[in-house]
Structure formats: C-alpha cells, structure tokens
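Participant: Got a sequence here, can you model it:
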Amino acid sequence: MGTDRHHLQEIDEWDQAYRRVESYLQACGVSPRLLLSEWAVDVIERARRRAQDEPSGEHPVTLAMRELFAQMTEGFGRALLVASAHDDHLRARGRLALATSGAAPEWAKLMVEKKAELVELQPCFDARPLQAGPEIRLSKLPPAPIEYAFSDNDDETTAAPWRIPVTALALALSLVGAMGAAWAVSH
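Facilitator: Numbers count the residues shown, from 1 in each chain. Model prediction:
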C-alpha cells in the first residue's frame with residue numbers, strides 16, 4: 001500500500017514537471033502542439049534517467065527545468081556559434097531573438113530532431129541587439145490644474161447642515177438592513 005502511494009506521488013510530481021516544461025515551451029513560442037509535446041516528453045525522459053543515474057533528491061520539476069535549460073542553452077550556443085554553453089545570458093538572448101524573429105517553431109523542430117543545423121537560424125540571432133527605449137525627458141509644459149468634484153465656492157457655511165447626518169443615518173440603516181437580511185437567510 002505504501003509503495004503504491006509513493007509511486008502515485010512520484011507520477012504526480014513528474015506530471016507536474018511535464019506541465020511546467022510544457023508551459024515554459026509555450027511561453028517561448030513553440031507553437032505546434034505535437035512538437036511541443038515531443039520536446040516536453042524528451043526533457044522529462046532525460047530528467048528521469050538523470051534522477052535514476054544520479055539520485056540527488058531534488059524535486060522532479062527542478063530536474064526537468066534544469067534539463068530543459070541545458071538543452072536550450074546548448075541549442076542557442078550552436079546557433080550562435082558560442083563555445084560556452086552554460087550561460088543564462090545566452091539563453092535569455094536566444095529567447096529574445098526567437099520572440100522577435102518568430103522563428104521559434106523552426107528552432108524547436110531542429111531542437112527536437114537534435115540536428116546540428118541550428119546555424120541556419122543564426123540570422124535571427126544576428127539582428128540588431130535590443131536597445132532601451134527613448135530617454136525620459138522632462139516636459140516644459142506648465143502643470144495642469146487639478147480639478148476636484150467641488151468648486152472653490154463651496155464651503156461649510158453654504159452646504160446644507162443636515163446633509164452629513166442624513167447620509168450617515170442612511171448608511172447605518174442600510175448596514176442594519178443588510179445584517180438583518182443575512183440573519184433571516186441563515187436562520
């Protein structure tokens with residue numbers, strides 16, 4: 001009984017890892033659903049093998065995301081012709097290039113097929129680097145006056161003296177009525 005429960009818990013954890021990998025790939029723009037599923041299954045299988053070969057006690061989601069990041073970094077490294085394949089900056093630069101170029105489906109297909117022709121996608125990465133937007137400039141226009149719902153001529157002497165007590169009484173009666181209705185419904 002205990003081993004069945006442990007096995008079900010393990011399956012649930014790996015299912016959670018699969019959903020996390022799938023969501024991440026969707027966010028990266030991998031659009032054909034079948035391709036996305038193939039890649040996610042490949043990542044989960046590799047992560048499970050690694051967990052069996054090198055037991056570390058880490059949660060399956062952590063193992064799966066590490067495997068996905070390693071695959072993505074390796075792929076971006078091949079496309080960018082970069083020797084260092086363990087760089088968060090490289091992965092971020094690759095994701096940005098894919099998002100701005102719309103080449104995510106082609107890149108994902110090459111990644112799933114484990115082809116080395118990722119160099120074909122190098123033009124996507126060679127685009128002009130992302131630059132910050134326009135500088136903040138202070139306006140030389142005078143500030144507009146703030147308009148309130150009341151005018152400057154309204155003061156307490158001209159306002160009706162009975163307005164505040166009547167509003168407070170109406171609020172109190174509506175609150176007591178709401179409480180009474182709630183009590184009547186519950187009893």
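Participant: for the lengthiest helix in the chain, which positions count as buried?
Facilitator: If each helix of the chain is counted by residues according to DSSP state H, the longest one is helix 2-27. Neighbour-count burial for helix 2-27 flags 14, 17, 18, 20, 21, 22, 24, 25 (criterion: 16 or more other CB atoms under 10 Å). Backbone N, C-alpha and C define where each C-beta goes, glycine included.
Participant: list the buried ones in stretch 164-178?
Facilitator: Taking 16+ other CB under 10 Å as the criterion, stretch 164-178 shows none as buried.
Participant: can you list contacts of it?
Facilitator: Counting by CB atoms under 8 Å, 6 or more residues apart in numbering, stretch 164-178 makes contact with no residue outside itself.
Participant: same check, this time on stretch 61-69
Facilitator: Under the criterion CB under 8 Å, 6+ apart, residues 13-14, 16-18, 20-21, 24-25, 43-44, 46-48, 50-51, 56, 91 lie in contact with stretch 61-69.
Participant: what are the ranges of the helices in this structure?
Facilitator: For the chain, the helices identified by DSSP H occupy 2-27, 33-53, 60-80, 88-101, 104-112, 122-125, 163-186, in order along the chain.
Participant: Would you reformat those as a markdown table and include distance to residue 142 and mean pLDDT?
Facilitator: Compiled in a markdown table, these are given as follows (distance: least, CB to CB, whole Å; pLDDT from 0 to 100):
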| stretch | distance to residue 142 | mean pLDDT |
| --- | --- | --- |
| helix 2-27 | 45 | 86 |
| helix 33-53 | 55 | 89 |
| helix 60-80 | 51 | 82 |
| helix 88-101 | 40 | 71 |
| helix 104-112 | 48 | 67 |
| helix 122-125 | 47 | 64 |
| helix 163-186 | 36 | 90 |
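Participant: any chance of the ones you listed in JSON lines, plus distance to residue 146?
Facilitator: Converted to JSON lines, the helices of the chain look like this (distance: least, CB to CB, whole Å):
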{"stretch": "helix 2-27", "distance to residue 146": "42"}
{"stretch": "helix 33-53", "distance to residue 146": "52"}
{"stretch": "helix 60-80", "distance to residue 146": "49"}
{"stretch": "helix 88-101", "distance to residue 146": "41"}
{"stretch": "helix 104-112", "distance to residue 146": "47"}
{"stretch": "helix 122-125", "distance to residue 146": "49"}
{"stretch": "helix 163-186", "distance to residue 146": "24"}
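Participant: Identify the residues contacting residue 58.
Facilitator: residue 51.
Participant: got it, and residue 145?
Facilitator: Residues in contact with residue 145 (CB under 8 Å, 6+ apart): none are found.
Participant: can you pull the pLDDT of it?
Facilitator: At residue 145 the predicted local confidence, pLDDT, stands at 74.
Participant: What backbone torsions are found at it?
Facilitator: Residue 145 adopts backbone torsions of phi -70, psi 150, taken as degrees, to the nearest 10.
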